[in-house]
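> I'll drop the sequence and a predicted model, then ask my questions.
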Amino acid sequence: MTRKQRRLYFVVLGMLALGAATALVLTAMSDTLVYFYTPSDLKTRHVSEGRRMRIGGLVEQGSVERKGDEVRFVVTDLTATLPVVYRGVLPDLFREGQGVVTEGKMDGQGLFHASEVLAKHDENYMPKEVADALKKSGQWQEEGKKP
Amino acid sequence: MIPEIGHFALIVALFVSVVQAVVPLVGAIRGDRAWMDMARPAALAQFALIATAFGALMSCYVSSDFSVLNVVQNSHTDKPLIYKMSGVWANHEGSMLLWVLILSVYGMAVSVFGGNLPPGLRARALSVQAMIGFGFLLFILLTSNPFTRVDPAPVNGDGLNPLLQDPGLAFHPPFLYLGYVGFSMAFSFAIAALLEGRVDAAWARWVRPWTLVAWCALTLGIAMGSWWAYYTLGWGGWWYWDPVENASLMPWLAGTALLHSSIVVEKRDTLKAWTILLAIVTFSLSLLGTFLVRSGVLTSVHSFAADPARGVFVLALLVVVTGGSLMLFAIRGPALKGGGLFTPLSREGSLLLNNVLMSTASGTVLLGTLYPLFADALDLGKVSVGAPFFNAVFIPLMVPMVVTMAVAPLLSWKRGDLMGALGRLKFAAVAVIAVMVGTWFLGGGSSGPVWAALGLGLAAWLAVGTLFDWAERVRLFRVPFAQSLDKILRLPRSAYGMTVAHLGVAVVIAGITGSSAWTIEKIQVMRPGDTVTVAGYDLTLVGTEDNIPGPNYTTLRAHFSVVRDGRPVTDLYPEKRMFRQPPRPTTDAAIHTNLLGDLYAVIGDADGTGGFVTRLYFNPLVPWIFLGAVVMVIGGLVSLTDRRYRVGAPLRNARAPAKGRA
């Protein structure tokens, strides 16, 4: 095998790998990308039922209701609200008035069925999306910051 | 006083790093031996100074000196001593100090063990190490000084995030950093070789053990982090494809590729430019990992409060290091002529295939991790890329790699005989079919997922293929046993290292397959006396006890008794802890393992009427994932003891007529 042939082999192998990766990435992206919305976004734009998405905002004060292993709470960005239902154990840092990001699907009645409520490791930490959502709705206060 | 000594030592270290970066390099260009040799004492001084600074910070933590801001923010007198100590690196400033400390340890190692290195190469490599050190020392002194004082000093500190008060996470960052920073060695040697314009087998022999050390540490660090997530987050999962996890996976993938391509440089004197490029990419990905974790640009479940100004500095550092080294590579790379030729069907060819697949996988992980940033910047909406994406992309790339992993060691260098190798793997094929059929039956016929059978089949293929390759090497059952035994004893340690590490990969694959195919999750409200059956185990909630005091927390402890077929198996005590400072709850899962699977119990919130939400899991084969990772590390360590790395092997003229000397 000559140098030229070997170089050709490298190039072909590289192209094949890149092509396969591109094809995989493109198909995976179209199926699995999860968009992030705020409760206000959901009021203004139509979101298809059954599509996985993430919702972020604050857990409204006094909205958490537990019934058996089912938890209902309301996510707010302080201009709009969205009721959420979730089955399971909430992360340790889930609290009323704190930021939350939750992943799941909308049903036809405007109720969000969460399959995941994301845990944060640090209570000083405000999910970036939530901070942006609050800034967008003009309700942002520098509260998540360290002194 | 002590914090000022630490601060001062860091400033002096910065100046020493300038000297170490400039003088040896100029010396190497001019061919001035005295200037070149400046690098060795400078590296030692660098280590002494940074170790002094680190020791100063450690002493502030141990004595709870609350006049130091960093201690105030991350410590508390209540904390057990071990977490006061691990508190040093459980925060941004301290972890950066640990980063440069490890960098200086590697620098020192070069000057201590590098006696047999060509002086030019050593001087240049140490100079590059010092440049990296300069960047990070400047970063610490300008943006994240751990020795900042507060006046007046508060009576007590804010305490450490309770999630970090855990033995698994106390030692996770040092190992991770040993890995990340360890790749700086390969990087520095790569840049030195580019500056010198020469890459040869001796170079590869020097780079390989360092890469191996870094790889072992990184593997262990990732496994520890994953284990920690598994038992503390209470979700029963061990990998979330979270940006911070991906940040450590990318250098691991690239580093694994580097490890394999440097074998080709060492044995066959070819693939040089590619290996240099991989060394640059691997270290750049390590820096990127540091940036992603430290800047908080990505939303991650592991994000801790982060400061964007620091992110910008690390990003700038990343751009300079990566951009500069790639530019140098573009100028000097083409001059690196490859040596030995080979056909695609040879061991070099299959190692190259491994490299291409590993790099591609690393690239797709990079794309998926950064895509939310691009989408946000280009106003395509806020998106998150999660496990479904990574699984869909990563697994198809890994499958062909694992298939080749069993075949490749059977191929010879230069020109291999694929049909012959495949023919010799017929036992592996039989094992695969047996495992797949077995899985099918145990999985309850058609109800078991097909891909689980495929995954276990893949693991069997790799395990049997690897063992078979070892048997071939020692000609087991082909020659009289005494002769085989002799070969078994004489087989180089690096060959054993490969066998063990590849077996470890097979164990990990089996673990991943088992845990994703057959995990059983039950979430319900239980009252004392209730029984739930999980995978044949009857778990009865005997009772709960609240307000049990711990060192710096109180805990709610639940008691489950576990019975299988009428016989008691064990008792599980999951806890929900409430820390005093900072006042935060944590979950402590209770795990019972029999090595084939974990029974995993989590106690949740009270429902207000005397019941508790409980999460009960049966996670089959999960222990294999961590066990397999440890086996891989053992393989790496065995390979590291290979005599070629111990004896004065890296002599440049080893291939000259003087060969008989050794």
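Okay, I see it.
> Okay, and the beta partners of the nearest residue to residue B:234 once chain neighbours are set aside?
Spatial nearest neighbour of residue B:234, excluding adjacent residues (C-beta to C-beta, 6 or more residues apart in numbering or on different chains): residue B:587 at 3.9 Å. Bear in mind the C-beta positions are built from the backbone N, C-alpha and C, glycine included. Bridge pairing for residue B:587 (DSSP bridges) gives the partners residue B:576.
> Let me know the pLDDT of residue B:587.
Note for residue B:587: predicted pLDDT of 85.
> likewise residue B:454?
87.
> and what of the one 5 residues further on?
Model confidence at residue B:459, given as pLDDT, is 94.
> residues touching it, list them.
When contacts are counted by C-beta atoms under 8 Å, 6 or more residues apart in numbering or on different chains, residue B:459 touches B:435, B:506, B:507, B:509, B:510, B:513.
> PyMOL command to pick out the buried ones of those residues?
Burial among the contacts of residue B:459 is assessed by 16 or more other C-beta atoms under 10 Å in any protein chain shown; the matching PyMOL selection reads:
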select buried, chain B and resi 435+506+507+509+510+513
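> So which of the contacts of residue B:459 are in helices?
B:435, B:506, B:507, B:509, B:510, B:513 (DSSP state H).
> Reformat these as TSV; add distance to residue B:76.
Output for the ones in helices among the contacts of residue B:459, formatted as TSV (distance: C-beta to C-beta, whole Å):
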residue	distance to residue B:76
B:435	52
B:506	45
B:507	41
B:509	43
B:510	43
B:513	43
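> quick check, nearest of those residues to residue A:31?
Closest approach to residue A:31 among those (C-beta to C-beta): residue B:513, at 22.0 Å.
> any idea how far the closest residue to that closest one other than its chain neighbours lies from chain A?
Nearest non-adjacent residue to residue B:513, counting by C-beta to C-beta, 6+ apart: residue B:455, 3.1 Å away. Here residue B:455 is placed at a distance of 18 Å from chain A (C-beta to the nearest C-beta, to the nearest Å).
> and if you look at residue B:574?
11 Å.
> Does that residue touch residue B:612 like I think?
No. Using C-beta atoms under 8 Å, residue B:574 is not in contact with residue B:612, being 9.9 Å away.
> any shared contact partners between those two?
With C-beta under 8 Å, 6+ apart, residue B:574 and residue B:612 have common neighbours B:558, B:603.
> if I pick the residue nearest the centre of chain A, what's in contact with it?
The residue lying closest to the centre of chain A (C-alpha atoms, centre = their mean) is residue A:54, at 3.0 Å. Listed by C-beta under 8 Å, 6+ apart, the contact partners of residue A:54 are A:34, A:35, A:36, A:37, A:101, A:102, A:103, A:129, B:384.
> now do 6 Å
Listed by C-beta atoms under 6 Å, 6 or more residues apart in numbering or on different chains, the contact partners of residue A:54 are A:34, A:36, A:101, A:103, B:384.
> Of these - the most surrounded one?
residue A:36 (25 neighbours; other C-beta atoms under 10 Å in any protein chain shown).
> so which helix or strand takes in that residue?
For residue A:36, the element it lies in under DSSP states H and E is strand A:34-37.
> how about low-confidence regions in chain B?
B:295-308, B:338-339, B:443-448, B:645-662 (pLDDT under 70).
> Domain parsing of it, as residue ranges.
As given by automatic domain parsing, the domain ranges for chain B are B:1-165, B:169-402, B:403-516, B:520-623.
> Which among the ones you listed is found nearest to residue A:69?
So among those, domain B:520-623 is nearest, using C-beta to C-beta, at 5.0 Å.
> quick one: that closest one to chain centroid distance?
For domain B:520-623, the distance from its own C-alpha centre to the chain's C-alpha centre is 30 Å (C-alpha atoms, centre = their mean, to the nearest Å).
> Quick check: end-to-end length of it?
15 Å (C-alpha to C-alpha, to the nearest Å).
> same check, this time on stretch A:69-83
17 Å.
> Residue 68: how many residues sit nearby?
Here I'm looking at chain A. 12.
> actually chain B
As a burial measure, residue B:68 scores 25 neighbours (other C-beta under 10 Å).
> show me the contacts for it.
Taking C-beta under 6 Å, 6+ apart, one finds B:3, B:60 in contact with residue B:68.
> repeat for residue B:207
So, once contact is read as C-beta under 6 Å, 6+ apart, residue B:207 ends up touching B:186, B:189, B:262.
> measure it to chain A for me?
Distance, residue B:207 to chain A, by C-beta to the nearest C-beta: 21 Å.
> do residue B:465 as well
Taking C-beta to the nearest C-beta, one finds residue B:465 at 22 Å from chain A.
> so where do the strands sit in the chain?
Since no chain was named, I'll use chain A. A:34-37, A:53-59, A:65-67, A:70-76, A:81-87, A:99-106, A:112-117 (DSSP state E).
> should've been chain B
Using DSSP E, strands in chain B cover B:383-384, B:520-526, B:531-534, B:537-549, B:553-564, B:567-572, B:575-579, B:585-588, B:590-593, B:597-606, B:612-620.
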